[in-house]
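**Student:** Please work out how this folds:
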Amino acid sequence: MKVAIHQPQYLPWLGYFDKMAQVDCFVVLDNVQFKKNEWQNRNRIKAASGWQWLTVPVLHRFPQRISEVRVNHRAAWPRKHLQALLSSYSGTPFFEVHRPFFEEVYAREWARLAELNLATLRYLVEALGNDQSARDTVLTLVLEAQFSMHPLTTFAEAAAAIRRTDDVLNSGANVATIDSVFAARGISSLGSISDFPYAYLRILHTFPDDLDMQLKVSSTSSPLCTVNIWDPNYTPPFSAPDLVGYVDLTGACDSFLPPTASQPWFLEVRDTWAADVGTIEEFEIVLPGPQRCLAADVPIAIPDADGFVYSVVDCSAVVGPYPASDLDGDGFAGETEAHVGTGPLDPCGNDGWPADLEPNNTLDIGDSGSFLFPLRADGSFSKFKHPVPDPDDPDIERWDIEPSAEIDIGDAGALLFGVMGNPPMFGGEPAFGRVCPFPP
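**Tutor:** A predicted model of the protein is given here:
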């Protein structure tokens with residue numbers, strides 16, 4: 001039996017429910033010490049002007065347990081929370097279905113914080129569905145789809161990302177259902193996706209304005225590229241505790257993606273002023289497509305008024321449907337793609353998919369035939385037996401998809417057999433005769 005334990009949170013995020021879906025028994029742990037202004041009594045929603053905090057004011061004394069913490073009703077927080085939800089989500093699909101619940105929750109005077117959190121948790125679990133298998137599928141698709149789209153994406157782009165994720169994870173087994181669900185609400189799931197690389201950070205710190213943070217590529221002392229993230233600020237207004245968010249890497253060191261063991265990415269952090277400490281809790285490089293690379297060295301303590309500490313991502317720890325050796329799922333390892341000149345993060349098209357030798361975003365007879373025709377002037381086959389490299393054919397490496405000293409039958413056969421011929425992006429099924437599942 002798998003068991004998970006977590007403190008009750010206020011309007012928990014999707015990852016909380018994913019944790020529940022992974023286990024046979026989920027324990028809500030409310031007999032441990034309450035931590036004010038973490039996720040137990042507050043959360044954030046996406047408003048028109050950006051992130052907006054919803055905080056439940058509480059009455060507590062250190063070191064009270066969560067179950068003992070009382071809600072402070074001297075502040076008019078229920079009305080403010082309901083109004084914030086109405087302003088941000090009243091025009092979104094499904095909101096009217098759930099609106100009566102939230103109106104009822106905020107009309108009630110809750111005595112204890114744990115009671116409020118448990119009530120909303122139970123409702124949200126039911127809202128996600130009673131069919132455990134279906135709920136698991138929905139949670140997986142939604143959670144994984146967020147890494148294939150812009151964090152500020154539209155509903156249509158999110159629908160397309162969920163559809164693409166099902167193509168990748170389930171060979172499109174649920175696309176008909178996905179299309180019909182979104183179409184019923186006037187949303188097309190057949191459009192494009194605004195995808196881009198970004199760094200995701202979660203840093204706990206009691207006074208983040210003390211922090212100095214950068215991303216560095218390859219080296220901490222002589223980096224190939226640097227992205228400035230956060231500068232110290234010693235004048236009001238000051239930031240709220242903790243930093244959670246993303247840094248867009250488009251045009252900012254993205255030519256050095258993906259991180260590798262020989263060229264890792266570093267998150268450099270230091271505290272510049274006395275009296276506050278913190279930790280680097282999460283550091284990820286989210287790549288274009290469904291893959292993300294995680295720092296395996298977190299949490300890392302940020303000492304008070306001391307030197308830099310570093311967290312590193314080298315894509316040895318990867319979350320996504322593809323292995324770390326093949327981050328775009330096209331069946332070709334990153335080293336092979338570097339050799340033939342295709343993009344290791346681009347699964348399709350002549351510039352991304354090594355198998356697409358005759359550019360049409362499809363693996364077909366034209367690609368395999370390109371090893372044979374057109375014939376050379378001496379009547380021999382076009383590519384076979386060419387040395388690699390070949391001074392008479394500077395592009396010959398493009399056909400050397402099983403790298404060796406010459407083009408041979410192994411290169412042609414790789415289009416049909418093994419991982420290259422049955423790549424992860426097709427669920428391990430034969431790629432021959434199929435169109436690449438993404439735009440070139």
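**Student:** where does the stretch 51-200 of the chain have low pLDDT?
**Tutor:** 129-136, 139, 143, 147-152 (pLDDT under 70).
**Student:** Strands of that one, residue ranges please.
**Tutor:** Taking DSSP state E, counting those that start in this stretch as the test, the strands found in the stretch 51-200 of the chain are 58-59, 70-71, 198-205.
**Student:** Looking at these, which one is packed in the most?
**Tutor:** Among those, the stretch with the highest mean neighbour count (mean count of other C-beta atoms under 10 Å) is strand 198-205, at a mean of 21. C-betas here are computed from N, CA, C, even on glycine.
**Student:** contacting residues for the nearest residue to residue 242 once chain neighbours are set aside?
**Tutor:** Nearest residue to residue 242, sequence neighbours excluded (C-beta to C-beta, 6 or more residues apart in numbering): residue 204, at 5.2 Å. By C-beta atoms under 8 Å, 6 or more residues apart in numbering, the contact list for residue 204 reads 241, 242, 278, 279, 281.
**Student:** try residue 358
**Tutor:** With C-beta under 8 Å, 6+ apart, residue 358 has these contacts: 364, 366, 367, 369, 370.
**Student:** Quick check: the first one touching residue 433?
**Tutor:** If I follow you right, that is residue 364. Yes - counting by C-beta atoms under 8 Å, residue 364 touches residue 433, with 6.2 Å between them.
**Student:** between these two, which one's more packed in?
**Tutor:** residue 364 (18 against 9; other C-beta atoms under 10 Å).
**Student:** show me what contacts that one?
**Tutor:** Counting by C-beta under 8 Å, 6+ apart, residue 364 has contacts 358, 432, 433.
**Student:** where does residue 282 land in three-state SS?
**Tutor:** Here residue 282 is recorded as strand under DSSP: H, G, I helix; E, B strand; the rest coil.
**Student:** could you dump the contacts of residue 358 to JSON lines with pLDDT, distance to residue 250 and secondary structure?
**Tutor:** What follows is the contacts of residue 358, written out as JSON lines (pLDDT from 0 to 100; distance: C-beta to C-beta, whole Å; DSSP: H, G, I helix; E, B strand; the rest coil):
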{"residue": "364", "pLDDT": "93", "distance to residue 250": "33", "secondary structure": "coil"}
{"residue": "366", "pLDDT": "92", "distance to residue 250": "34", "secondary structure": "helix"}
{"residue": "367", "pLDDT": "93", "distance to residue 250": "31", "secondary structure": "helix"}
{"residue": "369", "pLDDT": "90", "distance to residue 250": "38", "secondary structure": "helix"}
{"residue": "370", "pLDDT": "90", "distance to residue 250": "34", "secondary structure": "coil"}
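**Student:** which pair in these spans the largest distance?
**Tutor:** 364 and 370 (10.5 Å; C-beta to C-beta).
**Student:** how much space between residue 9 and residue 255?
**Tutor:** 39 Å (C-beta to C-beta, to the nearest Å).
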